[in-house]
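Visitor: here is a sequence with its predicted model. Questions after.
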Amino acid sequence: MPEDRSAIVGGGAKKLLYAADTIRRIGVGKAAKALTARNTCKACAYGMGGQKGGMTNELGEFPSVCNKSVQAQSTDIQPAIPEASFTRPLAELQELSGREMEKLGRLNTPMFKPAGGDRYAAVSWDWAIAHAAEKLRAVSPARSFFYSSGRSSNEAGFVFQLLARVWGTNNVNNCSYYCHQATSEGLATTIGKGTSTVELEDLTGADLIFVIGANPSSNHPRFIHMLKNCRDRGGDVIVVNPAKEPGLVKFAVPKSPGSMLTGGTEIASDYLQPRIGSDIALFKGLMKAVLAIGAEDRGFIDSYCTDFDSFRADLEALSWDEIVALCGVARADIERVATRYAERRNVVFAWGMGMTHHLHGTANVEAIANLALLRGMLGKRFAGLLPLRGHSNVQGIGTIGVKPVVSEQVFAAMEKSFGVTLSRDKGFDTMAGLKAAEAGEIDAAIIMGGNLWGATPDTAFSSRAMGAIGFKLFLTTTLNRGHVHGLGDGEALILPVTARDEEWSPTTQESMFNYVRLSDGGIERLDNVRPETVILCDLAALLVPDCPIDFAAFKQHRKVREAIATIVPGLEQLADIDVAKKEFHIKNRVMHTPRFGTADGKARFVVTPTPVAATPLTLATVRSEGQFNTIIYEDTDSYRFKAGRDAIFLNREDMAAFGVREGERAVLASDIGRMEGTIVPFDLPRGSALAYYPEANVLCGTAVDPRSKTPAFKSVPVWIERQP
């Protein structure tokens, strides 16, 4: 580890060199073709690409590209996995790390593991589709489970959920139940809408941006450019995060020569570090301080909000001593930030899974909305709420209906458009589906993208639940650990799909800014991969042969978009997007006027409970700079002192209290499991610990936030056990 830890900054020349080395490895020509084609970025939901060009965002900024973009492209450009590799015994494949699985290459042929088998074998497409249909016909739709990641297109997602529902199940869900579902729930109760209220342009006029429970230096690097611009304009960036992340303190922005030459730009103008899970107490302190100096916007509150009196009474009942004791942040620090907030005119609140990955995640989001409403920071330009969503189309997948419950309006529109009758039975969310599987109530699962096994908390539970499913059908571009773990004795069939820029006809994706892009597709790399829609439509022809829906027509994505445009409110412009080439913001989401989606049209202040930490040490799982979701690109974290995947990050005083030293091996334990790792000192509040996801999932339980159904990957009670 480096001697001078203060020298660690985000971005910089090393990331440029890493990107350049990656491009050389995959070939300059292939990389250039992938990065410049008119396709949406495959990494985070911040969004770039589409019809303005592969490295351009909706503001026309070029180059709008980051290390994550290059990493994602490097995966798709890999050659096919040799058959001799994936037909090895499962026991051998299970020894591979996440990074080693990622480097195997692209999947280019269907693979099948029979019941009781110990390895996969290559099979033909005709056999694979026929066998999948045969296995699904043999089970009750109610005992099946459909799951999609955020990688797929709007078109594939719509066909996916439609097939499930006409077959007879609403057990349809997506990865948002493990990430930002708490955002959707918390915003619904406060402002009546579940997504960002700002567009990208709004960030260009904000004079204060809060970054709460997020580490964009690692996970949304292009957002750092907007944070730097805010500072350059004389604005503030206030970070609320238990961990003092080096990349949020200082970042060498690659597209800024000045930032690079000076060794980095100061990103955070102020940094508050509450104990893990105590954010609501901190937010209440900020709001209490705003009220104390009379900085609330009474005109906005009186005109556009309800329930303010009960909200204010809750703040008045909470003493400063309680607030400081709960969050661990000094009153003077809270008041300083509240005063700065009171001085600013246009404020954007951005947050990540540091807010949603708690059993009180929905309440966390409600508290952020309260803080914004208090000063009227909604319903105008350059201000509002910005959930920092992860995967590139996770928001779009939810918009077009890959979730257990859609609105009655959408249900009725599907029935009218297709001449079908659909069940209104409540479907399983992600965790509920897996718990049903563990209980022996799920016979088949269709998993489109992602690594559900690796993303699920309590790895032993995940293996039991996935292993109990008799038939698993995976649609994927590459192999991951979820394809070789948790298989049980049942059958597993893996079908290779096209990457986004390889689709046979154009597709669309939705960013976290509610912006819908058109991806051209059309690049040919492998000779035996198929689009997800083609696979699903071929499966539908055998699974629901008497269905009145012309699934064969949906192999052309234009037909899918025409259907979506008539069924899903706000997406009417999808119908001719491939002809008009006009990308767009979804209607009625960006809020530049104070019109809220609640029944009475007013925003609502919500009284949130104030959680209390139950143990002396609380864990938050985090991602490294060298990973994307469960995909591991690098085994060490260049932004956290080259820490390895088994790092256990602790405050130095906690290290002394637990009797462990830097570099020492120890066990981090919880009521769920144990993880052996290496102790790494880090700037954290007392009583807080970090470890990497998904490795630390062995410590996380399966209990969920009762409203969002999201597990607590953070606020996990843990303790340290020294090695004997």
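Guide: It's in.
Visitor: could I get the full set of strands for the stretch 1-150 of the chain?
Guide: 10-11, 111-113, 121-122, 144-148 (DSSP state E, counting those that start in this stretch).
Visitor: please name whichever of the ones you listed is nearest to Ala703.
Guide: strand 144-148 (19.9 Å; CB to CB). Any C-beta I mention is one placed from the backbone N, CA and C, and that applies to glycine too.
Visitor: rewinding a little: quick one: closest of the strands of the stretch 1-150 of the chain to Ile632.
Guide: strand 10-11 (19.0 Å).
Visitor: sorry, back to before: turn the strands of the stretch 1-150 of the chain into a markdown table, including mean pLDDT.
Guide: Output for those, formatted as a markdown table (pLDDT from 0 to 100):
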| stretch | mean pLDDT |
| --- | --- |
| strand 10-11 | 61 |
| strand 111-113 | 98 |
| strand 121-122 | 98 |
| strand 144-148 | 97 |
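Visitor: contact partners for Gly328?
Guide: Contact analysis of Gly328 by CB atoms under 8 Å, 6 or more residues apart in numbering lists Gln273, Pro274, Arg275, Ser278, Pro685, Arg686, Gly687.
Visitor: before we move on, the earlier item: adding mean neighbour count and distance to Asn346 as columns, could you present the strands of the stretch 1-150 of the chain in TSV?
Guide: Formatted as TSV, those follow (neighbours: other CB atoms under 10 Å; distance: least, CB to CB, whole Å):
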stretch	mean neighbour count	distance to Asn346
strand 10-11	28	25
strand 111-113	21	53
strand 121-122	14	57
strand 144-148	27	36
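Visitor: mind putting the ones you listed into CSV with distance to Gly105?
Guide: Formatted as CSV, the strands of the stretch 1-150 of the chain follow (distance: least, CB to CB, whole Å):
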stretch, distance to Gly105
strand 10-11, 29
strand 111-113, 13
strand 121-122, 14
strand 144-148, 23
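Visitor: can you give me the strands in the stretch 601-724 of the chain?
Guide: 603-604, 618-622, 627-628, 631-632, 636-637, 643-644, 647-650, 665-669, 674-681, 688-692, 714-717, 719-722.
Visitor: now render these as CSV, adding distance to Ala657 and mean neighbour count.
Guide: Formatted as CSV, these follow (distance: least, CB to CB, whole Å; neighbours: other CB atoms under 10 Å):
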stretch, distance to Ala657, mean neighbour count
strand 603-604, 43, 25
strand 618-622, 14, 25
strand 627-628, 30, 24
strand 631-632, 32, 22
strand 636-637, 25, 18
strand 643-644, 21, 18
strand 647-650, 9, 26
strand 665-669, 13, 18
strand 674-681, 13, 18
strand 688-692, 12, 25
strand 714-717, 16, 24
strand 719-722, 9, 15
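Visitor: out of these, which comes closest to Asn154?
Guide: Among the strands of the stretch 601-724 of the chain, the nearest to Asn154 by CB to CB is strand 627-628 (20.6 Å).
Visitor: list the neighbouring strands of that closest one plus their orientation.
Guide: Strand pairing for strand 627-628, determined by DSSP bridges: strand 631-632 (antiparallel).
Visitor: who's in contact with the partner strand?
Guide: Thr75, Ser97, Gly98, Arg99, Glu102, Asn451, Asn480, Gly626, Arg645.
Visitor: nearest the geometric middle of this structure, what residue?
Guide: Centroid-nearest residue in the chain, with CA atoms, centre = their mean: Gly390, separated by 3.1 Å.
Visitor: quick one on the thing from earlier: out of the contacts of strand 631-632, which are buried?
Guide: Buried by 16 or more other CB atoms under 10 Å: Thr75, Gly98, Glu102, Asn451, Asn480, Gly626, Arg645, out of those.
Visitor: now, which of those residues sits nearest Ser124?
Guide: The closest of these, once distances to Ser124 are taken by CB to CB, is Asn480, at 23.5 Å.
Visitor: all helices of the stretch 251-400 of the chain, in order?
Guide: 257-261, 279-292, 298-304, 308-317, 320-327, 331-343, 353-356, 361-374, 394-399 (DSSP state H, counting those that start in this stretch).
Visitor: could those go into a markdown table alongside mean pLDDT and mean neighbour count?
Guide: Below are the helices of the stretch 251-400 of the chain laid out as a markdown table (pLDDT from 0 to 100; neighbours: other CB atoms under 10 Å):
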| stretch | mean pLDDT | mean neighbour count |
| --- | --- | --- |
| helix 257-261 | 59 | 14 |
| helix 279-292 | 98 | 23 |
| helix 298-304 | 98 | 14 |
| helix 308-317 | 98 | 14 |
| helix 320-327 | 97 | 18 |
| helix 331-343 | 98 | 17 |
| helix 353-356 | 97 | 28 |
| helix 361-374 | 98 | 27 |
| helix 394-399 | 96 | 28 |
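Visitor: TSV please, covering those and showing distance to Trp504.
Guide: Formatted as TSV, the helices of the stretch 251-400 of the chain follow (distance: least, CB to CB, whole Å):
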stretch	distance to Trp504
helix 257-261	41
helix 279-292	46
helix 298-304	48
helix 308-317	53
helix 320-327	53
helix 331-343	50
helix 353-356	34
helix 361-374	39
helix 394-399	19
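Visitor: closest one to Gln573 among those helices?
Guide: helix 394-399 (13.0 Å).
Visitor: elements contacting the helix or strand following the closest one?
Guide: Sequence-wise, the next helix or strand downstream of helix 394-399 (DSSP states H and E) is helix 408-418. In terms of contacts (3 or more CB pairs under 8 Å, 6 or more residues apart in numbering; DSSP states H and E), helix 408-418 is packed against helix 154-167, helix 557-567.
Visitor: what's in contact with the helix or strand just after helix 408-418?
Guide: Where DSSP H and E defines the elements, the next helix or strand beyond helix 408-418 is helix 430-438. Contacts with helix 430-438, where a contact means CB under 8 Å, 6+ apart, come from 145, 147, 171, 173-175, 177-178, 428, 442, 445, 452, 456, 461-462, 464-466, 468-469, 702, 704, 709, 711.
Visitor: could you rerun that using 6 Å?
Guide: Phe145, Asn171, Asn173, Tyr177, Ile442, Arg464, Ala465, Ala468, Ile469, Val704, Lys709 (CB atoms under 6 Å, 6 or more residues apart in numbering).
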